[in-house]
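[1] Give me a 3D structure for the following:
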Amino acid sequence: MDNRINKALAPEFRLNEAELARLDDLIDGSLVLKSDLLPSNWYEQNMIMPASDTYPGPARYDRTPFWAEPANCAHPDHPALDITIMGPAQMGKSVMVLNAIIAYVIAQNPVNILFLTGHSELSKDAMEKIDYVIKCCGLSHFIEPAVIKKRNNKTGDTSEKKDFRGVSLKAGSITNHNLLRQNTARITIADDLDAGKISKEETGSTIGLIKGRIKASEDRSKRYWVSTPQTRGRSMIEIQFNKSDKRYWFVQCPHCGNNERRIKLDWSVTVDDKNTGGIIWKLDKLGRVDPKSVGYVCQLCAGFFDDRNKHELLNTGIWMPTQEWVEHYHYGYGINGLYAPHGMTSWFNLASRYVACNPAGAARNEADYKTWKNIDIGELYDEPTETLKANDLQINNVRDYPIGIIPESMGMTDGNGAAVMMSLTADANGTLNDARLDWELVVWFESGANASVKHGSIGTFIPNQSQAQKDADLRERWSYDISQPNNVWKEFHRLVSGTYEKDHGGSMGVFITAIDVGHCKDQIYEYIDAYTPAFNIVGVMGDKEHEWQKSDRDVKYFAKGKSRLNLYLVNVNRIKDDLARQMRLKWNPTIHESQPVGFMNFPNAAGGLYDYKHYFSQFEAEEKRDDKAKGVFIWQKKGPTSQNHFFDCKVYHLAARDILMELICKNEMKLKEYNWQVFVDILMGR
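    Residues are numbered from 1 along each chain as shown. Coordinates of the predicted model:
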């Protein structure tokens, strides 16, 4: 019943929320069409996949046989109340499960559907795909046409709602708790569940709100929970899967499966102290995965087989529960990337991507590994807590070159190529009238390695001073106020506008300067505005330090600030993850032709610069912790007195590099796709 109609009634005849829900349930129940067809059978008979699909033509579940049962849970007679699907991205669950459910409901079982996506901007795209499914299945005549009613509100057929046969399909975002509070549905589909937050302080549990939408018809409703998993302990799909009977797709090994023994395909399986099963491969002379070597070792018989006959292998499978229901009638379906059929991905591709983020003799690229684990394999990622070791950096990365000189000849000897750009960063601390800028100059080589040229501090602020020490300190304080004669900007601008000598002749200026604007930002922006664009200066500020980040290979280091020009919001947690990895990089000049991308070089200590106490110790002032109160893993200072300013300067260097890359490649050159090597070619005039 339309709530606007309810409000138009006299007060004594109006229904409360529970009564409205019961009325909607009664209407829903009267519209159910009993059908002997299962959703998967109906979908195969009616859906034609487009030419752009991996498998064009009539829909067929024999290619992805594991998706038939989750789709069939939508039949009114199936006992499932909750259905959780946890698996990798791009393996057909949207096309063969979610689309099938929606089309089947429109044709055979008209009830209210609430379709939730990970982000509000994805709801429109999802509805456009549903439009195509409706068209392909010949269901367009069931959808009421769009009608403009009072106040210019559209009903019937919109980007957020489809009215059909007295009920409707509504689309929205999991993150929109107001939407969850205001709509009831017999079938709820929460797609990309882990894109939402487990709870919001003001509105409560996301899962609880979704469950609350079907209270009036709880015993006859269906709730689909679908997602690629993210971080263990922070994942809503993990919560839901743990409440289910945890079904996995067990297949018959080609060697021992003739006696009906079945195995669950896993990346790695520990059999006993000496034996393992799972995916194996060999590397060629260049360190690449040999395609012919990739295969699976059965954990039951130790037989080896590859994925050339994967179609037959998948069709020997059945879903088998592995635990008792924690919630009654909660069916859980967990599947990993090893089950991807031909045309989607192969075991060779999975092994190659694994090797790429776990290079031999080097530190694991944690960000890429997390993406591989979540997106490619479809399993939970265990976020490591991390403590940095500055001593290792000082021992392994200090080189024989003097402070203040660009070591270009050293870079070329090391195989890194020429110096291509310089960045200058500054971390602001202190107060308005007792300021200090900690700064660092860095040069970047063609290979992506870099070298610190000089660091220092400008200003008077002394951290960790007691009040008595401050009272006794009669020095004249420096200020962030550019109008004051004792401002820090006069000396800092000499760095910004200066030129720096190379070790074999020639010089180079600063290409981009990034200044922390976390506090005293108005005064800092007076300086930035005064000298931009003549000098390429930007303000940077940490963004989303306490928010969970979705796994994605394309997550950027920064986002353009909306409050003013030349402001960039920096994803400091993501950058610190990469910086920690770069601190662990190893380079042996007798073995490696060039330094790894991101390898950091530092000059010999002299004059109080680049020593442990005043510089390197700041690289271990933070550690990555599990902040259980906030429900995230974040980088935090070890203690309130820890100094991390030069560590932050390194963070801003990585951001500044990518900001300049975007400014030149995207904004000036209008390139849609670019990377470091494209950027280098532009800078070198190639």
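[2] Would you state the helices of the stretch 301-450 of the chain in chain order?
    Along the stretch 301-450 of the chain, counting by DSSP state H, counting those that start in this stretch, helices occupy 310-314, 347-357, 366-371, 390-397, 408-413.
[3] outside of the first one, which residues touch it?
    Spelled out, that is helix 310-314. Outside helix 310-314, the residues within contact range by CB atoms under 8 Å, 6 or more residues apart in numbering are 62-66, 249, 251-252, 254, 305, 307, 339, 341-342. Just so you know, the C-beta spots here come from the backbone N, C-alpha and C atoms, and that holds for glycine as well.
[4] Using TSV, please lay out those residues together with distance to residue 582, pLDDT and neighbour count.
    Shown next, in TSV, are the contacts of helix 310-314 (distance: CB to CB, whole Å; pLDDT from 0 to 100; neighbours: other CB atoms under 10 Å):
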residue	distance to residue 582	pLDDT	neighbour count
62	47	95	11
63	42	95	18
64	40	97	23
65	44	98	22
66	40	98	27
249	39	98	24
251	41	97	22
252	46	96	19
254	44	94	18
305	39	97	15
307	35	96	23
339	35	98	24
341	38	95	21
342	38	91	15
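[5] Phi and psi next, for residue 230.
    Backbone torsions for residue 230, taken as degrees, to the nearest 10, come to phi -120, psi -120.
[6] give the contact list for the spatially closest residue to it that is not a sequence neighbour.
    Among residues not flanking residue 230 along the chain, residue 194 sits closest, at 4.4 Å (CB to CB, 6 or more residues apart in numbering). Taking CB under 8 Å, 6+ apart, we find residue 194 in contact with 118, 227-230, 235-237, 550.
[7] Looking at those residues, which are in helices?
    Judged by DSSP state H, the contacts of residue 194 include 236-237 as members of helices.
[8] Let me have the contacts of residue 194 in JSON lines, adding distance to residue 538, neighbour count and pLDDT as columns.
    Below are the contacts of residue 194 laid out as JSON lines (distance: CB to CB, whole Å; neighbours: other CB atoms under 10 Å; pLDDT from 0 to 100):
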{"residue": "118", "distance to residue 538": "30", "neighbour count": "21", "pLDDT": "75"}
{"residue": "227", "distance to residue 538": "36", "neighbour count": "28", "pLDDT": "95"}
{"residue": "228", "distance to residue 538": "34", "neighbour count": "27", "pLDDT": "95"}
{"residue": "229", "distance to residue 538": "36", "neighbour count": "26", "pLDDT": "95"}
{"residue": "230", "distance to residue 538": "31", "neighbour count": "25", "pLDDT": "91"}
{"residue": "235", "distance to residue 538": "35", "neighbour count": "23", "pLDDT": "89"}
{"residue": "236", "distance to residue 538": "36", "neighbour count": "25", "pLDDT": "89"}
{"residue": "237", "distance to residue 538": "38", "neighbour count": "24", "pLDDT": "94"}
{"residue": "550", "distance to residue 538": "26", "neighbour count": "16", "pLDDT": "48"}
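[9] Closest one of the contacts of residue 194 to residue 261?
    residue 229 (28.2 Å; CB to CB).
[10] The closest one contacts residue 88, correct?
    No. Between residue 229 and residue 88 there is no contact under CB atoms under 8 Å: 9.0 Å.
[11] so what's in contact with these two at the same time?
    Common neighbours of residue 229 and residue 88, using CB under 8 Å, 6+ apart, are 374, 378.
[12] Let me see the ranges of the strands in the stretch 51-200 of the chain.
    For the stretch 51-200 of the chain, the strands defined by DSSP state E, counting those that start in this stretch cover 57-58, 82-86, 113-117, 147-148, 154-155, 161-164, 167-173, 187-191, 199-200.
[13] Just name the most buried of those.
    Of all the strands of the stretch 51-200 of the chain, strand 82-86 carries the top mean neighbour count, a mean of 27, counting by mean count of other CB atoms under 10 Å.
[14] on contacts alone, who are the packing partners of it?
    Packing partners of strand 82-86 (3 or more CB pairs under 8 Å, 6 or more residues apart in numbering; DSSP states H and E): strand 222-227, helix 236-242, strand 330-334.
[15] Just send the strands of the stretch 51-200 of the chain back as JSON lines, with distance to residue 504 and mean pLDDT too.
    Below are these laid out as JSON lines (distance: least, CB to CB, whole Å; pLDDT from 0 to 100):
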{"stretch": "strand 57-58", "distance to residue 504": "64", "mean pLDDT": "92"}
{"stretch": "strand 82-86", "distance to residue 504": "57", "mean pLDDT": "97"}
{"stretch": "strand 113-117", "distance to residue 504": "57", "mean pLDDT": "89"}
{"stretch": "strand 147-148", "distance to residue 504": "73", "mean pLDDT": "50"}
{"stretch": "strand 154-155", "distance to residue 504": "69", "mean pLDDT": "50"}
{"stretch": "strand 161-164", "distance to residue 504": "68", "mean pLDDT": "89"}
{"stretch": "strand 167-173", "distance to residue 504": "57", "mean pLDDT": "87"}
{"stretch": "strand 187-191", "distance to residue 504": "58", "mean pLDDT": "92"}
{"stretch": "strand 199-200", "distance to residue 504": "59", "mean pLDDT": "49"}
